[in-house]
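A.B. asks: fold the following.
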Amino acid sequence: MKDRRKFIRFPVRLFARYSEENKEEWNRQCSVIDISREGMGVIVYLKDKLPLGCMLKLKVDVPTKEEPVVFTGSLGWIKALEGDPDFNYKGGIMLTTIDSEDKWILLDHAYETWKKNQESDYN
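C.D. replies: The predicted structure follows:
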């Protein structure tokens with residue numbers, strides 16, 4: 001299968017919470033597993049699959065920032081996972097609304113994490 005992404009995704013593992021765009025509850029947890037300039041991959045535990053295209057609000061905890069990064073995104077794809085006791089769906093979020101400084105913080109963290117992993121692979 002051909003990868004249609006325009007930008008490299010940097011692998012990360014960040015704790016996050018999400019809510020559907022029109023709701024105020026932030027009790028749904030997920031994990032951000034990769035980040036690019038336009039989107040990110042997430043894994044979640046759901047009873048029912050989220051509909052494609054739904055708008056989500058996310059709060060992502062970044063170790064280098066005191067407050068979570070908050071933004072909205074559109075669910076571009078989602079698929080069921082097997083064999084993971086903590087998560088049962090993996091999906092891709094396309095960023096729609098994010099503060100430019102927060103976007104830089106996310107990308108910088110993702111790049112630095114990737115860089116450290118690359119350096120440890122060579123040592």
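
A.B. asks: distance from stretch 70-88 to the middle of the chain?
C.D. replies: Taking the mean of its C-alpha atoms, stretch 70-88 sits 9 Å from the chain's own mean (CA atoms, centre = their mean, to the nearest Å).

A.B. asks: where does pLDDT dip in the protein?
C.D. replies: Where the chain drops to pLDDT under 70, the residues are 1-5, 121-123.

A.B. asks: can you list the residue ranges for strands in it?
C.D. replies: 10-20, 28-35, 39-44, 55-60, 69-80, 89-97 (DSSP state E).

A.B. asks: by how many degrees do the third one and strand 89-97 diverge?
C.D. replies: Inter-element angle recorded for strand 39-44 and strand 89-97: 140 degrees (by axes from the mean of the first three to the mean of the last three CA atoms, to 10 degrees).

A.B. asks: may I have strand 39-44 as PDB, with CA atoms only?
C.D. replies: Only the C-alpha atoms of strand 39-44 are listed here, as PDB (Å, rounded to 0.1, in the frame of the first residue of the first chain):
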ATOM      1  CA  GLY A  39      -1.600  15.700  11.500                       C
ATOM      2  CA  MET A  40      -1.000  13.000  14.000                       C
ATOM      3  CA  GLY A  41      -1.600   9.300  14.700                       C
ATOM      4  CA  VAL A  42      -3.600   8.400  17.800                       C
ATOM      5  CA  ILE A  43      -4.600   5.200  19.500                       C
ATOM      6  CA  VAL A  44      -7.800   5.000  21.600                       C
END
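
A.B. asks: from L56, how far off is S31?
C.D. replies: Separation of S31 from L56 (CB to CB, to the nearest Å) stands at 14 Å. In this view, the C-beta of every residue, glycine as well, is placed from N, C-alpha and C.

A.B. asks: neighbour-wise, which of these two wins?
C.D. replies: Remark: of S31 and L56, L56 carries more neighbours, 22 against 18, as counted by other CB atoms under 10 Å.

A.B. asks: any idea what the closest residue to that one other than its chain neighbours is bridged to?
C.D. replies: In space, L56 comes closest to Y18 once its chain neighbours are excluded; the distance is 5.0 Å by CB to CB, 6 or more residues apart in numbering. Under DSSP bridges, the beta-bridge partners of Y18 are R28, L58.
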